[in-house]
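Novice: what's the 3D shape of this:
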Amino acid sequence: MTSAAPEKRVGQLLALLEEMHQLCAELREVIGRKLAAMRRADTEAMAQAAGRERFLTERLEEREGLRKQLMELIGEQFGRDGKASRAMTISELASRVGEPLAVRLTALGGVLRQAMQQTAEANRVAALVGREMLGHFQRIYAVMAAGGREQSGYSRLGGAQSGAGARLFEVTG
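Specialist: Next comes the predicted model:
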């Protein structure tokens with residue numbers, strides 16, 4: 001490293017990556033709470049978790065934008081153009097900085113990558129559960145709207161018989 005300025009920027013990057021790691025860990029925890037709320041069919045808890053999830057996602061997106069800007073500034077100090085600097089990996093940056101910063105960058109980059117992968121997997125599971133729940137609700141609403149006529153059975157003579165009866169909304173007023 002030729003000057004103190006890149007060191008300062010890399011220090012700022014390390015602080016930003018640590019913040020992103022903490023946000024990612026909290027997001028994973030919120031997704032876990034949302035899944036637990038889905039298991040209990042607790043719609044209020046699901047809504048609260050979804051709100052917090054939106055906030056954390058927006059915050060992570062902001063932080064990612066700042067990370068790209070910071071990478072551009074760091075890259076310029078190493079003589080790279082802006083676009084190439086934004087795409088520079090942690091490993092590439094670590095190869096350009098001195099020993100204590102390189103070790104910290106590499107370690108924090110690995111921890112953040114793992115946390116993001118775990119969060120993505122938890123989010124994938126939550127999306128699958130959500131799609132399944134939506135499918136069940138759609139079937140329930142279809143039966144309710146049809147007044148139970150989709151529920152067919154057999155008569156005592158063995159023939160198919162569909163449910164007769166008033167529509168649910170007619171009965172409940």
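Novice: how about the residue nearest the centre of the chain, what does it touch?
Specialist: Centroid-nearest residue in the chain, with C-alpha atoms, centre = their mean: residue 123, separated by 4.9 Å. The neighbourhood of residue 123, defined by C-beta atoms under 8 Å, 6 or more residues apart in numbering, consists of residue 31. In this view, the C-beta of every residue, glycine as well, is placed from N, C-alpha and C.
Novice: specify the local secondary structure of it.
Specialist: Each residue gets one of three states, and residue 123 gets helix by DSSP: H, G, I helix; E, B strand; the rest coil.
Novice: so it versus residue 65, what's the distance?
Specialist: Distance, residue 123 to residue 65, using C-beta to C-beta, to the nearest Å: 20 Å.
Novice: do the same with residue 135
Specialist: Per C-beta to C-beta, residue 135 is found 36 Å from residue 65.
Novice: could you say what helices and strands whichever helix or strand residue 36 is part of packs with?
Specialist: Assigned by DSSP states H and E, residue 36 belongs to helix 4-40. In this structure, helix 4-40 packs against helix 43-77, helix 99-145, with contacts taken as 3 or more C-beta pairs under 8 Å, 6 or more residues apart in numbering; DSSP states H and E.
Novice: relative to helix 4-40, how tilted is the longest one?
Specialist: Our comparison of helix 99-145 with helix 4-40, counting by axes from the mean of the first three to the mean of the last three C-alpha atoms, to 10 degrees, yields an angle of 30 degrees.
Novice: low-confidence ranges in the chain?
Specialist: 1-4, 147-173 (pLDDT under 70).
Novice: residue 10: how many residues sit nearby?
Specialist: By other C-beta atoms under 10 Å, the residues close to residue 10 number 23.
Novice: and for residue 85?
Specialist: For residue 85, the number of neighbouring residues by other C-beta under 10 Å comes to 22.
Novice: could you find the closest non-adjacent residue to it?
Specialist: residue 75 (2.2 Å; C-beta to C-beta, 6 or more residues apart in numbering).
Novice: how near is the one you found to residue 9?
Specialist: 10 Å.
Novice: the more surrounded of these two?
Specialist: Neighbour totals were compared for residue 75 and residue 9, and residue 75 leads with 23 against 18 (other C-beta under 10 Å).
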